[in-house]
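In: Using only what follows, build the 3D model:
(one chain, ligands or ions: 1)
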Amino acid sequence: MNTRSLFRVCNKLIGPSIACTPCRHVGTYKTVKRPDPSTLKMPAPGTAPKLMEIIKEKIRLKGPLSVAEYMHIVITNPTEGYYMKKETIGESGDFITSPEISQLFGEIVGIWFYAETQKMGMGPGRPLQIVELGPGKGTLMSDVLRVLHRLGYKPKDLSIHLVEISDTMQTVQAHQLCASHKGCDVDSPHYCEGETTSGIKVYWYYDLKKVPCNFSWYIAHEFFDVLPIHKFEKTEEGWRELLIDIDENEKLYYRISAKETNNVNNLIRPPLDGGDRTELEAFHKHKVVNPLETPGASDLTADVDFSQLRVAASMTPGDENYALVVGPVTQRDFLRRTQAEARLKVLIDHAKSDEQKETLQAAYEMLIDPEKMGERFKFMAFYPSAMAAILEKYPPIGFSNLEKETK
Ligand SMILES: C[S@@+](CC[C@H](N)C(=O)[O-])C[C@H]1O[C@@H](n2cnc3c(N)ncnc32)[C@H](O)[C@@H]1O
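Out: Take a look at the predicted model:
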C-alpha cells in the first residue's frame, strides 16, 4: 500500500473519535487542548548560585571538567539540575516541544510506527513494547496510545517503558498517563510502575540497558540534544578537548587541554573524525545565553550532528548488529509526506468552535513553518539490519519524495 492510501486508511480508522486521554472516552470527539502558539516562550536565563558552587568545588578538587561532565551536572544534579527541580516544558515552563503544540504530532508518529510495523507482519495482536527516551510531560506517548487504540491495539498486548532521569518529570508523566502508579524496590530493574485507565502497564527506568529486550518501538524526541557531549578542537598539535576551568576572577571559562585527553583517543577515530572540520560538537541555545554563567537556570543542549549520529549507528562493528538509518529529513518534509494535512482537516472538520479551528491551524503552521519549527527540527529512523530487503521493497514512509513513495 502506498503512503497516501495507507494514511487515508489510518485517518479513516482513527476517524473523528479522538479522546483526550489514552484509551478513554472512545466514541466521543474531543480535540486535545494545546496552548495558543502565539503565547509560547523560549528559555530565559535566571540564577542558580548553588549549582555554580557545586561545579566550582568539583573543579577545585578534581581539576577542569570536560563539557560532558559539566552538562551532566547541570542537567541531572539531584537537587539543582535543570530537569530535576521544576517542570521545564510547556506553557508554564521555559520552552515548548512539538507534541506540546499539537496532538497531530504524536498522532502522526503513532500512525507512522503502525504503518512501518505492518511491513514486518507485527501489527495488532502481537505483543509490543513502546520505549520512550526522555518522555517530557508524557504528551507524545499519550497521543500515540490514543491512536493505537483506534487502530486496533489491545491494552493487554502493549507495555510502555519510559527512560527518565528526573523524578520531577517522572511524576508529571505518571499523572498524564496513569490511573495509578507506585515506586519500586531498589533491586527491581524499573524504579516506578503504573497502569493506564485502560490497563496498559507503564514502567520507568533510569538506565536504558534495564529495559527488557523484546520487540519494541523506540521514540526519542528532543532527547539526543540533552545528552552530555564532549567538545573538541583541532589544533596544530592535533585534536584537543575543550575543558571548563575557573579563571582568576572566579568565573568559569573554556580552555583547550594542553595534552591529548583519553576522550580524544576513544571518541575521535575514523569514520567519526570530523573530516576537514576544526570543531566537533558545540553548544546550542534556544536563546543565546552564556552556558557557563548560570548553570541549571536555563536549558543546556548540544547541537546534535545528525550526520555523525548516522555514521555511528550505521557502523558495522564486526557483526550484523548494525542499524539501517534513514534521514535526517526536516520536520516540515516528514509531516507533509505523512499526510499530516489530511489529519489536520479531519480535526478541523470536527472542531467545536471557530476558535478551536484557528488554534489547530496555527499549531500546524508552527510545526511546519520553515521559520519556526519546520526546518530546525529533524526526523531520523533506525531499523534493524535484518529489515534491509523489506525496506528495499517498501521504503520508509516520510523519508523520501512523495512522488517516489506513491508510485
Ligand atoms: C527536552 S525534554 C524532551 C521532552 C519530550 N520528549 C518532548 O518532546 O516533549 C528532555 C527529556 O529528557 C529527560 N532527560 C534528560 N537527560 C536524561 C537522561 N540522561 N536520561 C533520561 N532522561 C533524560 C528530561 O527529564 C526530559 O524529560
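In: Only alpha carbons, please: show the helix or strand encompassing residue 110 as PDB.
Out: Residue 110 is located in helix 103-118, with elements delineated by DSSP states H and E. The C-alpha atoms that make up helix 103-118 are tabulated as PDB, following Å, rounded to 0.1, in the frame of the first residue of the first chain:
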ATOM      1  CA  GLN A 103      -1.900  16.500  19.100                       C
ATOM      2  CA  LEU A 104      -1.200  16.000  15.300                       C
ATOM      3  CA  PHE A 105       2.400  15.400  16.000                       C
ATOM      4  CA  GLY A 106       2.000  12.400  18.300                       C
ATOM      5  CA  GLU A 107      -0.800  11.000  16.200                       C
ATOM      6  CA  ILE A 108       1.300  11.100  13.100                       C
ATOM      7  CA  VAL A 109       4.200   9.400  15.000                       C
ATOM      8  CA  GLY A 110       1.800   6.700  16.200                       C
ATOM      9  CA  ILE A 111       0.400   6.100  12.600                       C
ATOM     10  CA  TRP A 112       4.000   6.000  11.200                       C
ATOM     11  CA  PHE A 113       5.000   3.300  13.700                       C
ATOM     12  CA  TYR A 114       1.900   1.400  13.000                       C
ATOM     13  CA  ALA A 115       2.400   1.600   9.200                       C
ATOM     14  CA  GLU A 116       6.100   0.600   9.500                       C
ATOM     15  CA  THR A 117       5.300  -2.300  11.800                       C
ATOM     16  CA  GLN A 118       2.700  -3.700   9.400                       C
END
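In: Only the buried residues of that helix, if you could.
Out: Going by neighbour count (16 or more other CB atoms under 10 Å), the buried part of helix 103-118 is 103-117. The way it works is simple: take the backbone N, C-alpha and C, and place the C-beta from them, glycine included.
In: If residue 205 is in a bridge, with which residues?
Out: Residue 205 has these beta-bridge partners by DSSP bridges: residue 163.
In: near the ligand, which residues of the stretch 201-350 of the chain?
Out: By the rule CB under 6 Å from any ligand atom, the part of the stretch 201-350 of the chain lying against the ligand is 221, 222, 223, 226, 227.
In: Could you look up the SS state of the second one?
Out: The reference is to residue 222. When the structure is reduced to helix, strand and coil (DSSP: H, G, I helix; E, B strand; the rest coil), residue 222 reads as coil.
In: Model confidence score at it, please.
Out: The score at residue 222 is 93. That number is its pLDDT.
In: Quick check, it in contact with residue 95.
Out: No - if you go by CB atoms under 8 Å, residue 222 and residue 95 don't touch, sitting 9.2 Å apart.
In: tell me the mean pLDDT for the helix holding residue 110?
Out: Across helix 103-118, the per-residue pLDDT values average to 95.
In: tell me what that helix is packed against?
Out: Packing partners of helix 103-118 (3 or more CB pairs under 8 Å, 6 or more residues apart in numbering; DSSP states H and E): helix 3-14, helix 98-101, helix 139-150, strand 216-219, helix 331-337, helix 340-349, helix 354-368.
In: Please enumerate the helices of the stretch 51-200 of the chain.
Out: Counting by DSSP state H, counting those that start in this stretch, the segments of the stretch 51-200 of the chain that form helices are 67-76, 82-85, 98-101, 103-118, 139-150, 167-177.
In: How far off centre is the fourth one?
Out: This means helix 103-118. Relative to the centre of its chain, helix 103-118 is centred 15 Å away, using CA atoms, centre = their mean, to the nearest Å.
In: does the ligand sit close to that helix?
Out: No - using CB under 6 Å from any ligand atom, no contact is recorded between helix 103-118 and the ligand, whose separation bottoms out at 8.7 Å.
In: and that helix with helix 139-150, angle?
Out: Relative orientation of helix 103-118 with respect to helix 139-150: 50 degrees, computed using axes from the mean of the first three to the mean of the last three CA atoms, to 10 degrees.
In: Drop anything exposed from the residues of the stretch 201-350 of the chain next to the ligand.
Out: Neighbour-count burial within those applies to 221, 222, 226, 227; the criterion is 16+ other CB under 10 Å.
In: Quick check: the closest residue to the second one other than its chain neighbours vs the ligand, distance?
Out: Excluding its sequence neighbours, the residue lying closest to residue 222 (CB to CB, 6 or more residues apart in numbering) is residue 97, at 5.3 Å. Here the distance between residue 97 and the ligand works out to 3 Å (CB to the nearest ligand atom, to the nearest Å).
In: do residue 303 as well
Out: As judged by CB to the nearest ligand atom, residue 303 and the ligand stand 14 Å apart.
In: That residue contacts residue 224, doesn't it?
Out: No - counting by CB under 8 Å, no contact exists between residue 303 and residue 224, whose distance comes to 10.4 Å.
In: Neighbour count for the two, which is higher?
Out: The neighbour count for residue 303 versus residue 224, taken as other CB atoms under 10 Å, is higher for residue 224 (17 against 12).
In: Spatially nearest residue to that one (excluding sequence neighbours)?
Out: residue 304 (4.7 Å).
In: Let me know how buried that neighbour is, in neighbour terms.
Out: 20.
In: Could you do the one 4 residues further on as well?
Out: Residue 308 has 16 neighbours, counted by other CB under 10 Å.
In: now do residue 352
Out: Counted with other CB under 10 Å, the neighbours of residue 352 add up to 10.
In: Now do residue 185 against residue 174, distance only.
Out: When distance is defined by CB to CB, to the nearest Å, residue 185 is 17 Å away from residue 174.
In: can you check residue 387 too?
Out: Counting by CB to CB, the separation of residue 387 from residue 174 is 34 Å.
In: more crowded one of the two?
Out: Here residue 387 and residue 174 are set side by side on neighbour count (other CB under 10 Å), and the busier one is residue 174, at 21 against 16.
In: how far away is the more buried one from the ligand?
Out: For residue 174, the distance to the ligand under the criterion CB to the nearest ligand atom works out to 13 Å.
In: Look at the residue nearest to that residue when sequence neighbours are not counted and report its pLDDT.
Out: Take residue 174 and drop its neighbours on the chain: the residue closest to it by CB to CB, 6+ apart is residue 181, 4.2 Å away. Residue 181 is assigned a pLDDT of 97 by the prediction.
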